[in-house]
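*Asks:* Sequence and predicted structure are below.
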Amino acid sequence: MHIDFDSYFASCEQQFNPDFRGKAIGVTAEHGRTCIIAASREAKKFGIKTGSRSYEAQKIIPDIILVPASFDKYYAVTKKFLKICSFYSPAVELFSIDEAFIDLTPVMHLYPSIEFVASGIKKRINKDIGEFITVSIGVSHNRLLAKLASSINKPNGFATIKKEDVDGIYSKIKLTDICGIGEALRLRLNIIGVFNFFDLRTCPINLLKAEFGKVTAYHLKSISLGIDNMPVIPYYIEKDSKSVGRNYCLPKNEYNQTKILKIIYELCEEIAKKLRKIDKKAKTIGLCLAGGKSKCERKTIGKYTDLGQEIFYTCKYLYNQWQWNSMVRRISVWAGNLTHSGYASFDFYNDEKKEKIAEVIDSINEKFGDHTIRNGFLIYTDKLTTKPNGYLSEKHMPLLI
């Protein structure tokens with residue numbers, strides 16, 4: 001079973017504030033109000049959707065209400081939602097902040113029907129969370145098709161996909177209607193003559209390998225056949241993180257190179273904190289900048305690290321190599337090539353003091369708020385707000401629940 005909230009952030013705002021109910025609202029990023037990250041059902045009727053620019057939305061709906069996102073509130077609702085799901089099965093995977101998979105196979109004998117479970121979940125959400133927050137539910141024999149099923153009868157819908165239904169449904173949907181196929185991938189598929197799932201099914205595997213590589217080629221073939229063997233991994237079981245990252249969209253175009261470096265430093269500190277939280281160290285550091293131009297590169301360093309300053313030095317090296325002189329609107333920093341902290345080589349003379357300092361800073365920031373203690377380079381710099389991100393994309397995040 002896949003459960004997907006309908007217009008989640010906007011519905012939460014309407015639930016919390018009666019003045020918003022029945023009105024077109026657009027939820028914007030916490031920092032800056034230029035992009036709508038969620039639209040209410042009333043706004044969607046006029047074509048407002050995720051990614052719409054605020055000024056464009058206001059041209060279509062002059063009285064649209066723009067509300068800054070409040071992830072703390074949405075996160076609290078998600079925790080209630082998980083409690084409801086866990087009542088029906090212990091195998092609940094939080095896929096993002098507004099959707100979850102439930103494996104009912106081991107417990108289905110306890111219920112009269114799948115419709116009984118779906119109805120029960122909807123009723124409990126209505127009772128325990130609120131009548132303005134609804135979900136769409138999809139059921140199938142694997143995750144891929146269950147997620148597709150939940151999108152069929154939105155909003156507040158319910159649908160099942162059986163094995164014999166796959167071809168009929170695939171004949172009606174676009175390539176991008178399946179999770180994992182975005183616009184860029186669709187364009188590349190179109191170039192090699194693939195325009196629908198039946199084209200993909202008959203496309204020679206060697207052609208797919210040549211275009212996308214072996215792993216993606218076989219994944220696309222599986223999608224075309226409706227095959228997905230990925231199990232539901234309960235949210236309370238730690239997943240092995242291959243990398244950690246932080247993506248930040250600036251509230252305005254930034255031309256000041258010193259400010260750009262300071263934001264990069266803050267993001268590096270957050271990456272380091274995440275690494276220490278999951279007891280991992282990284283050896284490969286990546287930096288992506290987008291604005292007047294776009295650049296993305298990674299560098300493998302000489303030793304494993306979980307220290308913000310060392311991550312920043314690598315990012316600054318890449319930044320200087322690029323001779324960046326353009327404006328920036330989005331910054332991404334990530335750390336990969338991870339190993340468990342206990343397996344990383346350790347320089348007792350140089351590293352022990354640094355790690356003790358980092359441990360103390362983490363405990364102070366945990367108590368008094370992120371960035372309470374910060375590097376001197378960041379004096380007089382606005383603090384970035386670290387909140388549960390909109391999609392709970394970090395693999396360790398569900399464990400916090």
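*Replies:* Received the coordinates, thanks.

*Asks:* contacts, neighbours, all on C-alpha from now
*Replies:* Will do.

*Asks:* So which residues of the stretch 51-200 of the chain form strands?
*Replies:* Taking DSSP state E, counting those that start in this stretch, the strands of the stretch 51-200 of the chain run over residues 65-68, 92-96, 99-102, 135-140, 158-161.

*Asks:* Of these, give the one that comes closest to S7.
*Replies:* Distance to S7, taken as CA to CA, is lowest for strand 135-140 among the strands of the stretch 51-200 of the chain, at 9.0 Å.

*Asks:* Can you lay out the strands of the stretch 51-200 of the chain as TSV showing mean neighbour count, distance to D228 and mean pLDDT?
*Replies:* Shown next, in TSV, are the strands of the stretch 51-200 of the chain (neighbours: other CA atoms under 10 Å; distance: least, CA to CA, whole Å; pLDDT from 0 to 100):
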stretch	mean neighbour count	distance to D228	mean pLDDT
strand 65-68	18	37	91
strand 92-96	22	15	90
strand 99-102	24	13	95
strand 135-140	26	11	97
strand 158-161	20	14	96
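
*Asks:* Same list (those) but as TSV, adding distance to H219.
*Replies:* TSV is the format used below for those (distance: least, CA to CA, whole Å):
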stretch	distance to H219
strand 65-68	38
strand 92-96	19
strand 99-102	20
strand 135-140	19
strand 158-161	20
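
*Asks:* Compare these and give me the one nearest E266.
*Replies:* Among the strands of the stretch 51-200 of the chain, strand 65-68 sits nearest to E266 (CA to CA), with 22.2 Å.

*Asks:* Parallel or antiparallel, list what pairs with that closest one.
*Replies:* strand 25-28 (parallel) (DSSP bridges).

*Asks:* And the helix or strand that the strand it pairs with is followed by, how far out from the chain middle?
*Replies:* Using DSSP states H and E, the helix or strand that follows strand 25-28 towards the C-terminus is strand 36-39. Strand 36-39 has its C-alpha centroid displaced from the chain centroid by 15 Å (CA atoms, centre = their mean, to the nearest Å).

*Asks:* gap between the closest residue to F81 other than its chain neighbours and K80?
*Replies:* Distance criterion CA to CA, 6 or more residues apart in numbering; nearest residue to F81, sequence neighbours excluded, is I125 at 7.1 Å. Relative to K80, I125 is positioned 9 Å away (CA to CA, to the nearest Å).

*Asks:* what about the helices in the stretch 51-200 of the chain?
*Replies:* Remark: helices assigned in the stretch 51-200 of the chain by DSSP state H, counting those that start in this stretch are 54-60, 71-88, 114-128, 143-150, 166-170, 183-191, 197-202.

*Asks:* Can I get the fourth one in CSV, CA atoms only?
*Replies:* The C-alpha coordinates for helix 143-150 follow below in CSV (Å, rounded to 0.1, in the frame of the first residue of the first chain):
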residue,chain,number,x,y,z
ARG,A,143,6.0,-0.5,-4.6
LEU,A,144,6.3,0.8,-8.1
LEU,A,145,2.7,0.0,-9.0
ALA,A,146,1.3,0.9,-5.6
LYS,A,147,2.8,4.4,-5.9
LEU,A,148,1.3,4.6,-9.5
ALA,A,149,-2.1,3.5,-8.2
SER,A,150,-2.2,6.2,-5.5
